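>>> What would the 3D arrangement of this be:
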Amino acid sequence: MPQASESQVIRTSALHEKHLHLGAILEERDGWSTPAFYGDTLFEYAAVREGGAGVIDLSPRGRIQVSGSEAVPFLNGLITNDMKTLAVNSWMPAAFPNVQGRLIASVRVVRIRDEQTGQNPHPTFLLDTEAATHLQALKAIGRFTLAGDFHVTDLTDKTAQVSVQGSRAAQVLLRVLGNEVQTMPLNGAAEIIWQQTEMTVIRGTHSAEDGFDLIVNAERAQGLWEALMKAGARPVGYDALNILRIEAGQPRYNVDMDETNVVTEALPDDAVSYTKGCYVGQEIIARIKYRGHVAKKLTGLKLDRAVKLSSGARIRSVDAKEIGTITSVTYSPHLGQTIALGYVKYDYLAPGTDVKIARGDEEIAAQVAELPFVRGSWYQPLRS
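Alright, predicted model coming up:
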């Protein structure tokens, strides 16, 4: 019998045994074995959305460390946002485009620390990206590792990434990590010591609720997971996370966006700087900006009734023009209706615009909706 190739091997995170112990139903996702649910998807969803906190294994995401005195100019030549403006202990969204301005990977770039080497600062960045785009981002950066003081380390296999999401996420973290996270801003990050182990904490949402991602050495992942559960976080699988991320208006690579999309069709404007100068694909992205707008953009849609739809369903105007395509769809328990993400032509993007979704021979009424669908605790003012 032929041996499975490396690309066919399903990878497991450092928390795999913990998921099995908790009775998770596992599924393959982007080459990884991930927990679909632990018994009740709606219960897990409610742990995040309805005033509690959920803990999610995001270890399949790619984690790439970039450092060196030339890290800022090298990264600035490769990604869409401006690394010169990123302060230590903070993060910003960005994208890797190709030369046509199309999306290779979306990333969250964290400036972890700055060290002084002689006369030059020596910054260290962490790039966090989806599992589906991990190797693409690594390849885009890796071409330049011999070009100067620019060092790239793939931390994905050495670390685990655990996310706590929900309006009570900060309270859970306070019990586990102490006061370290009390004053962290929404785009903040920090390196802390937990039980004699270095940990990176990033405050960020995957759900429209408050959230923190914790990156720790793989061998400490199970202890961290247990501590978070003991502090009140409930395990949440990827089925519930999918509902949450659609409600939050967060696209997924190879589902809502891919290399056929211009960066600004798929990602929010805050992922792109138009003032920093040249980078790969910059000319195309800037030309689209200054001619006025993209031809289509990822947006939300609210359907008038609960209905099953498939990705690829066509979106039509009320006068029967083809104006777009559905990419993701789910039933939102919070809103009590079916919602979807999809690309819609620019002239029809105004929130409240009536459209129709084609399903076989029938058409389902829908309205264009502003993203995110749900504005949870992430959008509420922080209390002092």
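>>> So what pairs up with the closest residue in space to residue 271 that isn't next to it in sequence in the strands?
Leaving aside its sequence neighbours, residue 271 sits nearest to residue 93 (C-beta to C-beta, 6 or more residues apart in numbering; 4.2 Å). To be clear about C-beta, it is placed using only N, CA and C from the backbone, and glycine gets the same treatment. Going by DSSP bridges, residue 93 is paired in beta bridges with residue 108.
>>> Residue 266 is in contact with residue 93, correct?
No. The pair residue 93 and residue 266 fails to qualify as a contact (C-beta atoms under 8 Å) at a distance of 11.7 Å.
>>> hey, what's in contact with both of those two?
Taking C-beta atoms under 8 Å, 6 or more residues apart in numbering as the contact rule, residue 93 and residue 266 both touch residue 106.
>>> related to what we said a few turns ago, Provide a list of residues in contact with the residue nearest to residue 271.
When contacts are counted by C-beta under 8 Å, 6+ apart, residue 93 is found next to 81, 106-109, 267-268, 270-271.
>>> can you pick the most crowded of the residues you listed?
Among those, the one with the most neighbours (other C-beta atoms under 10 Å) is residue 107, at 29 neighbours.
>>> picking up where we left off before, out of the contacts of residue 93, who's nearest residue 74?
Nearest to residue 74 among these: residue 109, at 12.6 Å, using C-beta to C-beta.
>>> separation between that closest one and residue 242?
25 Å (C-beta to C-beta, to the nearest Å).
>>> Over to residue 97?
Counting by C-beta to C-beta - residue 97 and residue 242 are separated by 26 Å.
>>> Between those two, point out the one with more neighbours.
Applying other C-beta under 10 Å to residue 97 and residue 242 shows that residue 97 carries more neighbours, namely 26 against 18.
>>> Report how many residues lie close to the closest residue in space to that one that isn't next to it in sequence.
Excluding its sequence neighbours, the residue lying closest to residue 97 (C-beta to C-beta, 6+ apart) is residue 281, at 3.3 Å. Residues lying near residue 281 (other C-beta under 10 Å) number 23.
>>> Provide a list of residues in contact with residue 281.
In this structure, residue 281 makes contact with 80, 97-102, 263, judged by C-beta under 8 Å, 6+ apart.
>>> And for residue 299?
Residue 299 neighbours (C-beta under 8 Å, 6+ apart): 341-344, 349, 368-371.
>>> between those residues, which is nearest residue 85?
Among the contacts of residue 299, residue 371 lies closest to residue 85 (C-beta to C-beta), at 24.5 Å.
>>> ok, back up a step: can you tell me which of the contacts of residue 281 are buried?
Among the contacts of residue 281, those buried by neighbour count (16 or more other C-beta atoms under 10 Å) are 80, 97, 101-102, 263.
>>> wait, isn't residue 171 in contact with residue 164?
No. Residue 171 is not in contact with residue 164 according to C-beta under 8 Å; the separation is 9.8 Å.
>>> Mutual contacts of the two, please.
Joint contacts of residue 171 and residue 164 (C-beta under 8 Å, 6+ apart) are residue 53.
>>> Got phi/psi on residue 217?
Phi and psi for residue 217, reported as degrees, to the nearest 10, are phi -50, psi 140.
>>> Could you list the low-pLDDT ranges of the stretch 251-384 of the chain?
381-384 (pLDDT under 70).
>>> In the buried ones among the contacts of residue 281, find the pair that's most separated.
Farthest pair in the buried ones among the contacts of residue 281, by C-beta to C-beta: 80 and 102, 11.7 Å.
>>> Show the contacting residues for the residue nearest to residue 29 when sequence neighbours are not counted.
Spatial nearest neighbour of residue 29, chain neighbours left out: residue 238 (6.2 Å); criterion: C-beta to C-beta, 6+ apart. Going by C-beta under 8 Å, 6+ apart, residue 238 touches 27, 29, 34-37, 56.
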